[in-house]
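> Fold the following and give me the result.
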Amino acid sequence: MSDFDDINERGLVLVGCGRMGGAMLKGWLARGLEPGAVTVIDPKLAPEWQDRGLRVNETLPEDPAVMVLAVKPQMMAEALGHVPHLPRTLVISVAAGTTIATFEETFADAPIVRVMPNTPAAIGQGISALVGNARATEADLALAETLMRAVGRVVRLTDEDQMDAVTALSGSGPAYVFHMIETMAAAGRAQGLPDDLAMELARMTVAGAGALAIDADEDPAVLRQNVTSPGGTTAAGLGVLMDADHGLPPLMVRTVAAAADRGRELGKGAK
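The predicted structure is shown next:
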């Protein structure tokens, strides 16, 4: 018995099949979702998805089990204008900034789950946070979790108000880490390392430290302390990085706050 039995029977509609939509679809198909059960609505569908047995830009099933909205927030209003009323269909959105209330204007009687994944989902290493509306049952939330586990880990929120903070931390967070790799490589070059070597060292240091943080039983603070010898090189570097006034802690607080504030602005604009 597959987790996708009901979906394979009733169908799944994927609106938007770009990077995130494509990553999810790849994960679903690998875990037992039948290509013929999937209707993809995307006028600019990438060639890699052609001739895969999917229903592409065809008439929607009468009663699909799930509709996943994976278009960019600025394209959501247009997408919703072409979606029929489907009261028994679980609606899942992975669009940043678009609130559940906005979707309830189109899907008045439907269970709705809002999800915030992040780009490591493309390699099955994402983290997704989800929250449902009042009509979303435990079964609906469990189905949403099953779908999102195809691209990584899943956590549930207790309130939609937490979504802006989630977006700012884990949704936008990969970009912060990528920039950290850039700046670490630049700092290495400033100390005389060749460009390629500096970038390789920076990439693998961040990737390895992240993997260790997940795999180890210790808190990240303990892992940091394990690397730091009193009076050593790491302690000297951390003295700059951990400065309470000018180091990473206050900078990261401002960074996440700015992203969360922008998410709230987008949410207001989408209502």
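> which residue ranges form the helices in the chain?
Per DSSP state H, the chain carries helices over the ranges 5-10, 19-30, 76-80, 100-106, 138-148, 163-166, 173-190, 195-215, 220-227, 233-241, 248-270.
> mind listing what's buried in the second one?
Translated: helix 19-30. Across helix 19-30, burial judged by 16 or more other Cβ atoms under 10 Å covers 20-29. Using the backbone N, CA and C atoms, a C-beta is placed for each residue, glycine as well.
> before we move on, back to that, can you check which of the helices of the chain gets nearest to Pro64?
Of all the helices of the chain, it is helix 5-10 that lies closest to Pro64, at 5.7 Å by Cβ to Cβ.
> So what touches that closest one?
If you take Cβ atoms under 8 Å, 6 or more residues apart in numbering as the criterion, helix 5-10 is touched by 2, 32-34, 37, 61, 63-66.
> That helix: which residues count as buried?
7-8, 10.
> cool, stretch 64-75 as well?
By neighbour count with 16+ other Cβ under 10 Å, stretch 64-75 contains the buried residues 64-71, 73.
> Between the residues you listed, which sits nearest Lys44?
Proximity to Lys44 was ranked across these by Cβ to Cβ; first place goes to Val71, at 10.9 Å.
> gap between the closest one and Asn226?
Distance of Val71 to Asn226, given as Cβ to Cβ, to the nearest Å: 44 Å.
> Just the C-alphas of the lowest-mean-pLDDT helix or strand in the chain, formatted as CSV.
Least confident helix or strand, the chain: helix 76-80 with a mean of 77, by mean pLDDT, DSSP states H and E. Extracted C-alpha coordinates of helix 76-80, given in CSV (Å, rounded to 0.1, in the frame of the first residue of the first chain):
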residue,chain,number,x,y,z
MET,A,76,-0.6,33.9,-7.6
ALA,A,77,-3.5,36.2,-8.4
GLU,A,78,-3.4,35.3,-12.1
ALA,A,79,-3.1,31.6,-11.2
LEU,A,80,-6.1,31.6,-8.9
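> So which residues make contact with it?
For helix 76-80, the surrounding residues in contact (Cβ under 8 Å, 6+ apart) are 15-16, 41, 69, 71, 93, 95, 98, 102-103, 106, 270.
> Go ahead and measure how far that helix is from the middle of the chain.
Its chain's average C-alpha position is 20 Å from that of helix 76-80, according to Cα atoms, centre = their mean, to the nearest Å.
> any idea which residue sits dead centre in the protein?
The C-alpha lying nearest the average C-alpha coordinate of the chain belongs to Pro117 (Cα atoms, centre = their mean; 1.5 Å).
> Could you find the closest non-adjacent residue to that residue?
Ser128 (4.1 Å; Cβ to Cβ, 6 or more residues apart in numbering).
> same thing with Val166?
Ala129 (4.4 Å).
> So that neighbour is in contact with Asn118, correct?
No - the criterion here is Cβ atoms under 8 Å, and Ala129 misses it with Asn118 at 9.4 Å.
> Mutual contacts of the two, please.
Common neighbours of Ala129 and Asn118 (Cβ under 8 Å, 6+ apart) are Ser170.
> thinking again about what came up before, got TSV for the buried residues of helix 5-10, with distance to Ala244 too?
Formatted as TSV, the buried residues of helix 5-10 follow (distance: Cβ to Cβ, whole Å):
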residue	distance to Ala244
Ile7	51
Asn8	55
Arg10	55
